[in-house]
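Trainee: show me how the following folds:
(2 chains)
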Amino acid sequence: DAGVIQSPRHEVTEMGQEVTLRCKPISGHNSLFWYRQTMMRGLELLIYFNNNVPIDDSGMPEDRFSAKMPNASFSTLKIQPSEPRDSAVYFCASRRDGNEKLFFGSGTQLSVL
Amino acid sequence: GIQVEQSPPDLILQEGANSTLRCNFSDSVNNLQWFHQNPWGQLINLFYIPSGTKQNGRLSATTVATERYSLLYISSSQTTDSGVYFCAVEFTGNTPLVFGKGTRLSVIA
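Mentor: Numbering: from 1, shown residues only, chains lettered A, B, ... in the order given. The predicted model follows:
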């Protein structure tokens, strides 16, 4: 299995631009999670999906952030417009339903100038 | 409120030494996992251990759910063990995994 696949690995953009991060979960996993990691706040859950349906988006910082999961093998996290304080590593993770191990992608390092 | 506390925050070991990392949590859990984030930023799942004891090579973990703590043991540490170790907990009631702030381990040769 290829694991959780995220793209791009690195993204550098200017303030005000739209940013789209992509994730392909492990085949057969039906829960998908987006986390953000910063030095100040550690690993924070932004949103998670179960069977493609958003279950909890209370961690999404503000309306500039949105996430979709149009099918079981693809999810996007969009920031529009981006701001310098959005700079962080964004991780996608997936797992099978129930109390199973969580597997992370390699992350997207986002820098907003 | 819901809390996951890890100790120590930082740890420096000589290669070959043993160590114990601790995770305290504030409420009953139905899922607890340990992760290692290597110096390149990758997060690797080490253990799924809501209760009991598991071993994997030089690593082992024990969770005592009734006393609300989990321990990660690293024996005969190697420089490749360096990185940050996270405990993540899913509290009863199906909240999503909440991560502690981690223990940063440096193993020096």
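Trainee: give the burial count for residue A:97, as a bare number.
Mentor: For residue A:97, the count of nearby residues is 11 (other CB atoms under 10 Å in any protein chain shown). Using the backbone N, CA and C atoms, a C-beta is placed for each residue, glycine as well.
Trainee: mind checking which helix or strand it is in?
Mentor: Per DSSP states H and E: residue A:97 is located in neither a helix nor a strand.
Trainee: dump the residue contacts of it.
Mentor: Residue A:97 makes contact with A:30, A:31, A:50, according to CB atoms under 8 Å, 6 or more residues apart in numbering or on different chains.
Trainee: and for residue A:70?
Mentor: Residue A:70 makes contact with residue A:52 under the criterion CB under 8 Å, 6+ apart.
Trainee: what's the helix or strand for it?
Mentor: Element membership for residue A:70 (DSSP H and E) is strand A:65-71.
Trainee: next one: phi and psi at residue B:67?
Mentor: Taking degrees, to the nearest 10, you get phi -100, psi 0 for the backbone angles of residue B:67.
Trainee: where's it relative to residue B:24, distance?
Mentor: Residue B:67 sits 9 Å away from residue B:24, going by CB to CB, to the nearest Å.
Trainee: repeat that for residue A:92.
Mentor: As judged by CB to CB, residue A:92 and residue B:24 stand 28 Å apart.
Trainee: for residue B:10, same thing?
Mentor: In terms of CB to CB, residue B:10 sits 17 Å off from residue B:24.
Trainee: more crowded one of the two?
Mentor: A count of neighbours by other CB under 10 Å puts residue B:24 above the other of residue B:10 and residue B:24, at 16 against 11.
Trainee: quick one on the thing from earlier: list the buried ones in the strand holding residue A:70?
Mentor: Residues A:65, A:67, A:69 are the ones in strand A:65-71 that count as buried (16 or more other CB atoms under 10 Å in any protein chain shown).
Trainee: closest to chain B among those?
Mentor: Nearest to chain B among the buried residues of strand A:65-71, counting by CB to the nearest CB, is residue A:67 at 13.9 Å.
Trainee: tell me the pLDDT of the closest one.
Mentor: Per-residue confidence at residue A:67 stands at 97 (pLDDT).
Trainee: and the gap between the residue nearest the centre of chain A and residue B:82?
Mentor: Chain A has residue A:34 as the residue nearest its centroid, 3.3 Å off, counting by CA atoms, centre = their mean. Distance of residue A:34 to residue B:82, given as CB to CB: 27 Å.
Trainee: one more: residue A:44?
Mentor: To residue B:82, residue A:44 is 24 Å away according to CB to CB.
Trainee: ok, now residue B:58?
Mentor: Residue B:58 sits at a distance of 14 Å from residue B:82 (criterion: CB to CB).
Trainee: dump stretch B:57-76 to PDB, keeping only the CA atoms.
Mentor: Extracted in PDB, the C-alpha atoms of stretch B:57-76 (Å, rounded to 0.1, in the frame of the first residue of the first chain):
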ATOM      1  CA  GLY B  57      11.500  -4.600  19.300                       C
ATOM      2  CA  ARG B  58      13.300  -2.100  21.600                       C
ATOM      3  CA  LEU B  59      10.000  -0.200  22.200                       C
ATOM      4  CA  SER B  60       7.200  -1.200  24.500                       C
ATOM      5  CA  ALA B  61       4.200   0.600  25.800                       C
ATOM      6  CA  THR B  62       1.800   0.200  28.800                       C
ATOM      7  CA  THR B  63      -1.500   1.900  29.300                       C
ATOM      8  CA  VAL B  64      -3.200   1.800  32.700                       C
ATOM      9  CA  ALA B  65      -6.600   3.200  31.700                       C
ATOM     10  CA  THR B  66      -8.100   3.100  35.200                       C
ATOM     11  CA  GLU B  67      -5.200   5.400  36.400                       C
ATOM     12  CA  ARG B  68      -5.300   7.500  33.300                       C
ATOM     13  CA  TYR B  69      -1.700   7.200  32.100                       C
ATOM     14  CA  SER B  70       0.400   5.500  29.500                       C
ATOM     15  CA  LEU B  71       4.200   4.800  29.400                       C
ATOM     16  CA  LEU B  72       6.500   4.400  26.400                       C
ATOM     17  CA  TYR B  73       9.700   2.600  27.100                       C
ATOM     18  CA  ILE B  74      12.700   2.800  24.800                       C
ATOM     19  CA  SER B  75      15.600   0.400  25.600                       C
ATOM     20  CA  SER B  76      19.100   0.500  24.300                       C
END
